[in-house]
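Enquirer: turn this into a model:
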Amino acid sequence: MTEKIGYGVFGLGVGRSHVSGALKADGCAFVAICDIHEATLHRVGDEYGIAPENRYTSFDEMLRRPDIAAVSICTPSGMHRDHAIKAMKAGKHVLTEKPLEIRLERIDEMLAVAEEERRLLGCVFQSRLAPAYRFVKETIDSGRMGKLITCNFHLKWYREDSYYRKNGGWRGTWAMDGGGAIMNQTVHTVDLMQWLMGPVSSIFAKTGTYTHDIETEDTAVAAVTFENGAIGTLIGTTCAYPGLEVSVQIHGAKGSIYMSNQRIVLFKMADDDSDFSEEKRVLELYGPNRPKEADAQAGIKTGHAGQVQDMIDAVIQGRPPLIEGREGRAAVEIIQALYESAKSGREISLPYQPEVVGV
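Expert: Okay, here's the model as predicted:
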């Protein structure tokens, strides 16, 4: 008989996507849910048909169940360390929403406990599962683009003030969000940048708060240098009315790729000598007109559902999750270096170990 495990989800904001994914996942015996707000707990429980005995307002009580093998931590970012460590010490494997935590020293504590307790610790960066991004990663790693020269990773979204006031107003605070438009929204783009382009060696940034009444930045622009010698730009904002795209442009000595919202819009390789017939095929597979149903039809699990499935598989198979905690640390290190650069007016080199940011 195929092994099945119990799965728990703590925090039912973005955690709803984890609940949905776990309920559909192969190898999941049941889903338990937890939220400190009873109304939210029962609303989500009723929506997804979660049995009353699998609903909790106490995280400690849910963790006492021996039949739960893994949990998703979907609470505010500045709470991830405490909740993840508590879960791992209770014998559970952990998948933590992005960012893994808001401070490197807290992440290092989480990594140490995972090692001590021999628990798996994964981080949610579901953009990596998108077929177009995986194809771009394979293309870069194959060497077809030649030496990487430059890149642009830009997130231009829009958030109203009401967004920052919701759920107790933790977003846009240093204590719970760890930053603003970069740490919360652009963290996915930062992860993609270092995953595709390679490790960052230095960063020089400017930040500002332009249209929102928050402690942290709603806009940041940075010049980035990579260990391979490439240079690029990173932009993140929640002021781009009415909400634009996430765009990725990568240029190598032998090729260029443009992407918009997880779709490839330009694919030019110097070794495609057949009137760019390859580009036509690539755009058919990964371009703007790719049907949304294509992934499901091909049996591909993407997004949160894909990461929850991977976590369940990792627990059953005794292997690391697709995105381990140390990879989640890399994005936070880049972001904290960005904030230090904006604060000090200096270019900051990595590896970077901050003192205190946002105070």
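
Enquirer: pLDDT weak spots in the stretch 151-300 of the chain?
Expert: Residue ranges of the stretch 151-300 of the chain with pLDDT under 70: 275-276, 293, 295-300.

Enquirer: please, where are all the strands along it?
Expert: Assigned by DSSP state E, counting those that start in this stretch, the strands in the stretch 151-300 of the chain fall at 200-208, 219-226, 231-237, 246-252, 255-260, 263-269.

Enquirer: turn the ones you listed into CSV, including mean neighbour count.
Expert: (C-beta placed from N, C-alpha, C; glycine too.) Below are the strands of the stretch 151-300 of the chain laid out as CSV (neighbours: other CB atoms under 10 Å):
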stretch, mean neighbour count
strand 200-208, 19
strand 219-226, 21
strand 231-237, 22
strand 246-252, 21
strand 255-260, 20
strand 263-269, 19
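
Enquirer: and these as JSON lines, adding distance to Q185?
Expert: Output for these, formatted as JSON lines (distance: least, CB to CB, whole Å):
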{"stretch": "strand 200-208", "distance to Q185": "13"}
{"stretch": "strand 219-226", "distance to Q185": "10"}
{"stretch": "strand 231-237", "distance to Q185": "6"}
{"stretch": "strand 246-252", "distance to Q185": "9"}
{"stretch": "strand 255-260", "distance to Q185": "17"}
{"stretch": "strand 263-269", "distance to Q185": "19"}
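
Enquirer: out of the ones you listed, nearest to V113?
Expert: strand 200-208 (26.6 Å; CB to CB).

Enquirer: not counting the closest one itself, show me its contacts.
Expert: 182, 193-194, 217-227, 234, 334, 337-339, 341-342, 346-350 (CB atoms under 8 Å, 6 or more residues apart in numbering).

Enquirer: out of the strands of the stretch 151-300 of the chain, nearest to W157?
Expert: Closest to W157 of the strands of the stretch 151-300 of the chain, according to CB to CB: strand 231-237, at 6.9 Å.

Enquirer: could you figure out how far that closest one is turned away from strand 246-252?
Expert: If you take axes from the mean of the first three to the mean of the last three CA atoms, to 10 degrees, strand 231-237 sits at 180 degrees to strand 246-252.

Enquirer: show me what strand 231-237 is packed up against.
Expert: Contact partners of strand 231-237 among helices and strands, from 3 or more CB pairs under 8 Å, 6 or more residues apart in numbering; DSSP states H and E: strand 148-156, helix 187-197, strand 219-226.

Enquirer: next, the residues that contact it from outside, please.
Expert: Defining contact as CB under 8 Å, 6+ apart, one finds that strand 231-237 is touched by 149-157, 181-182, 185-186, 189-190, 193, 197, 203, 205, 218-226, 338.

Enquirer: report the contact partners of the residue nearest the centre of the chain.
Expert: Centroid check for the chain by CA atoms, centre = their mean gives F125 as the closest residue, at 2.8 Å. Taking CB under 8 Å, 6+ apart, we find F125 in contact with K98, H188, D191, L192, Q307, I323, E327, G328, A331.

Enquirer: 7 Å instead?
Expert: K98, H188, D191, I323 (CB atoms under 7 Å, 6 or more residues apart in numbering).

Enquirer: for V9, give its distance to C28.
Expert: As judged by CB to CB, to the nearest Å, V9 and C28 stand 11 Å apart.

Enquirer: can you list residues touching both of those two?
Expert: Residues touching both V9 and C28 (CB under 7 Å, 6+ apart) are A22.

Enquirer: have a look at these two and say which one is more surrounded.
Expert: The neighbour comparison of V9 against C28 (other CB atoms under 10 Å) goes to V9, with 30 against 20.

Enquirer: contact partners of whichever helix or strand that one is part of?
Expert: In the assignment (DSSP states H and E), V9 maps to strand 5-10. Contacts to strand 5-10, defined as CB under 7 Å, 6+ apart, come from residues 15, 18-19, 22, 27-34, 59, 62, 65, 67-75, 83, 312, 315-316.

Enquirer: what's the local residue count around A51?
Expert: If you count neighbours by other CB under 10 Å, A51 ends up with 10.

Enquirer: name the SS class of the residue nearest to it when sequence neighbours are not counted, please.
Expert: Sequence neighbours aside, F30 is the residue nearest to A51 in space, at 7.7 Å (criterion: CB to CB, 6 or more residues apart in numbering). Local secondary structure at F30 is given as strand here, using DSSP: H, G, I helix; E, B strand; the rest coil.

Enquirer: with V94 instead?
Expert: Assigned with three-state DSSP, V94 falls in the strand class.

Enquirer: please read off the pLDDT at it from the model.
Expert: V94 carries a pLDDT value of 98.
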